[in-house]
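Participant: predicted model, plus sequence, below.
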Amino acid sequence: MRLHGLLSFPLTPFTEDGKVNLAVLADHIERQLAAGPSGLFVACGTGEFTSLSTQEYRDVVGTVVRVAAGRAPVFAGTGGGPQLARDFAAAAAEAGADGLLLLPPYLVSSTPAGLVEHVRFVAEATGLPITVYQRGNAVLDPAAAVALLDVPTVVGIKDGRGDVSAMLQLVTAIRASGHPRAAEFGFLNGLPTAELSVQAYRAIGVDSYSSAVLCFVPDIATAFYRAVETGDSAATQALLAAFYLPFVALRDLVPGYAVALVKAGARLEGLDVGAVRPPLVDATPEHVERLAATIEAGRAALRGLRRAA
């Protein structure tokens, strides 16, 4: 279950009256699969996990599993308190998910050793492979990261903190541990708009990253990934300058835009994903106009690169 490369984190579409729109979700997943990601991470942060009921969660995961039909592994988000995380893990298994992304514990903070015990508690309730998401109130140190190797179903760590030096320590500690699973253990760059940090993370051995941008401009996202993979620095810099940096500047204007702006982009591309659920707020008309201009600038840069090639 060690994944490489570009990872999709699909949206959860809602109808006008606020229900989960499974038909649009199926269309969204088909479009994501066409972009060729190495994995689908559904009902996670971009998929508004915290807003879903257990039944909605089952419906979302089951729909994605059905549509994917084995073309890419399906990881489902799970989290909240430890018992709730177990319940969602069981629901994911029943829906046919291939693995789990364990989100940080709800509200409380603890020590790195306490986080490992939380992971153990959830892992005891499921046989699915687990990727542990560290950010905010869930931070590992090297000793805790190595301890995760003794939890057989934990297959990787996703970093959402952005401390490259600290992440290097985790990667080095695991790879040098001598543990039988050390070489196969995976690391994912899970920062919002991870494209901005992908080169720094690749330098420390983290070659997989989540791409929310893939949800609405897969042409730009996949072109950027190819540029990074092939070492095409000119294309990488052109797409960063024309699209990614302006997008991040817009995203950072309002808390929650890491999801809301992505949904706005999907709507601009003709996918009726609906609004975000509270406490998130939708992008303003002015910001949607700026997003549309940013998308066009990114595609203009992409056309220029194709002509040059």
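Facilitator: Everything's here; your move.

Participant: list the buried residues in stretch 228-237.
Facilitator: For stretch 228-237, burial by neighbour count (16 or more other CB atoms under 10 Å) applies to 228, 232, 235-236. Using the backbone N, CA and C atoms, a C-beta is placed for each residue, glycine as well.

Participant: filter those residues down to the ones in helices?
Facilitator: Per DSSP state H, helices hold the following members of these: 228, 235-236.

Participant: I'd like those as CSV, with pLDDT appended.
Facilitator: Listed next are those as CSV, based on pLDDT from 0 to 100:
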residue, pLDDT
Val228, 96
Ala235, 98
Thr236, 98
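
Participant: okay if I get these as a markdown table plus distance to Phe247?
Facilitator: Shown next, in a markdown table, are these (distance: CB to CB, whole Å):
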| residue | distance to Phe247 |
| --- | --- |
| Val228 | 17 |
| Ala235 | 17 |
| Thr236 | 15 |
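
Participant: what is the nearest of those to Ala308?
Facilitator: The nearest member of these to Ala308, counting by CB to CB, is Ala235 at 8.8 Å.

Participant: ignoring the adjacent residues along the chain, who's closest to that closest one?
Facilitator: Distances taken as CB to CB, 6 or more residues apart in numbering put Ala227 closest to Ala235, at 3.8 Å, once the chain neighbours are dropped.

Participant: count of residues packed around Ala166?
Facilitator: A count of neighbours around Ala166, defined by other CB atoms under 10 Å, yields 16.

Participant: in contact with Ala89, which residues?
Facilitator: Contacts of Ala89 were listed using CB atoms under 8 Å, 6 or more residues apart in numbering, and they are 78, 100, 122, 125-126, 128.

Participant: reformat those residues as TSV; add neighbour count, distance to Val146 and secondary structure.
Facilitator: Supplementary listing: those in TSV, determined by neighbours: other CB atoms under 10 Å; distance: CB to CB, whole Å; DSSP: H, G, I helix; E, B strand; the rest coil:
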residue	neighbour count	distance to Val146	secondary structure
Thr78	29	23	strand
Leu100	29	21	strand
Val122	26	19	helix
Ala125	15	23	coil
Thr126	20	22	coil
Leu128	20	22	coil
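
Participant: mind putting the residues you listed into CSV with distance to Gln134 and pLDDT?
Facilitator: Formatted as CSV, the contacts of Ala89 follow (distance: CB to CB, whole Å; pLDDT from 0 to 100):
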residue, distance to Gln134, pLDDT
Thr78, 15, 98
Leu100, 15, 98
Val122, 14, 98
Ala125, 20, 95
Thr126, 19, 97
Leu128, 19, 98
